[in-house]
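Novice: show me how the following folds:
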Amino acid sequence: GNFGRVRAAMRFTQTPNFGNVIFVDSVSGSSTGGLSPDSEAATLIQGQTLCTASNGDIVYVSPGHAESVIAAAGMTFSKAGVRYQGLGQGRLRPTITFSTDTAAQIIISGANVTFANMVFDLTGISAIVAAISITAADVAFEDCEFIISTGTNAPVLGVLTAATAARLRFENCRFLGTATSTDTCTACIKHEVGVDYVIRNC
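Specialist: As a prediction, the model looks like this:
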């Protein structure tokens with residue numbers, strides 16, 4: 001799989017961790033894999049299942065990994081304390097595309113969850129209501145890219161948070177779209193009343 005080319009780099013460049021290490025690759029992964037870079041899980045949710053909550057676990061997501069969210073609660077990240085670390089550069093980074101249903105949504109209900117170096121394409125269908133719903137505290141996005149508009153399709157809301165989303169953090173993220181679009185995006189991030197949030201270098 002893709003991990004064969006990056007194992008050595010991971011060993012020396014990633015922050016040390018004391019939890020489990022899980023591997024995900026949509027190209028060569030399977031429903032029974034995930035515990036080895038030579039036998040990966042196929043989806044992020046399968047990777048989450050292999051994690052232990054609040055244990056410092058990391059899910060490495062391969063370059064070129066691709067998944068789709070096509071319905072309400074299409075993915076729910078409920079396990080606390082997991083880091084989803086995308087590998088690769090540019091559009092070779094892991095990509096999650098929203099399509100098919102305007103209710104298509106990722107729910108993040110586990111506290112202390114981080115997504116890093118991933119691409120979220122919110123333009124697969126016109127006027128998604130709220131692509132990502134965050135209800136937990138200490139959720140973070142680092143070095144991620146959100147495709148907001150193609151010039152036609154755009155979500156109504158990119159990210160919607162609940163009041164329970166305290167200490168929300170977006171750092172070094174990009175929100176990309178054309179200057180004008182057939183659809184109107186009301187907000188890339190609509191943060192309710194959760195306190196102590198950081199949106200920096202976006």
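
Novice: quick one: mean pLDDT over stretch 180-198.
Specialist: What stretch 180-198 shows for mean pLDDT is 90.

Novice: before we move on, what about stretch 130-138?
Specialist: For stretch 130-138, mean pLDDT is 97.

Novice: what about the helices in the chain?
Specialist: For the chain, the helices defined by DSSP state H cover 7-13, 44-49.

Novice: weakest of those in terms of mean pLDDT?
Specialist: Of all the helices of the chain, mean pLDDT reaches its minimum on helix 7-13 (a mean of 47).

Novice: how close does the nearest residue to M118 once chain neighbours are set aside sit to I132?
Specialist: Nearest residue to M118 in three dimensions, chain neighbours excluded: G86, at 4.0 Å (Cβ to Cβ, 6 or more residues apart in numbering). To be clear about C-beta, it is placed using only N, CA and C from the backbone, and glycine gets the same treatment. Distance, G86 to I132, by Cβ to Cβ, to the nearest Å: 15 Å.

Novice: could you do I107 as well?
Specialist: Distance from I107 to I132, by Cβ to Cβ: 8 Å.

Novice: same thing with S62?
Specialist: As judged by Cβ to Cβ, S62 and I132 stand 22 Å apart.

Novice: same deal with T184?
Specialist: Using Cβ to Cβ, T184 is found at 18 Å from I132.

Novice: comparing these two, which shows the higher neighbour count?
Specialist: Neighbour totals were compared for T184 and I132, and I132 leads with 27 against 11 (other Cβ atoms under 10 Å).

Novice: number of residues surrounding N55?
Specialist: Close neighbours of N55, defined as other Cβ under 10 Å, add up to 14.

Novice: my guess is it contacts G19. True?
Specialist: Yes. Judged on Cβ atoms under 8 Å, N55 makes contact with G19 at a distance of 4.3 Å.

Novice: can you tell me the centre-most residue of this protein?
Specialist: F115 (5.0 Å; Cα atoms, centre = their mean).

Novice: by mean pLDDT, point me to the weakest helix or strand of this structure.
Specialist: For the chain, counting by mean pLDDT, DSSP states H and E, helix 7-13 ranks last in confidence among helices and strands (a mean of 47).
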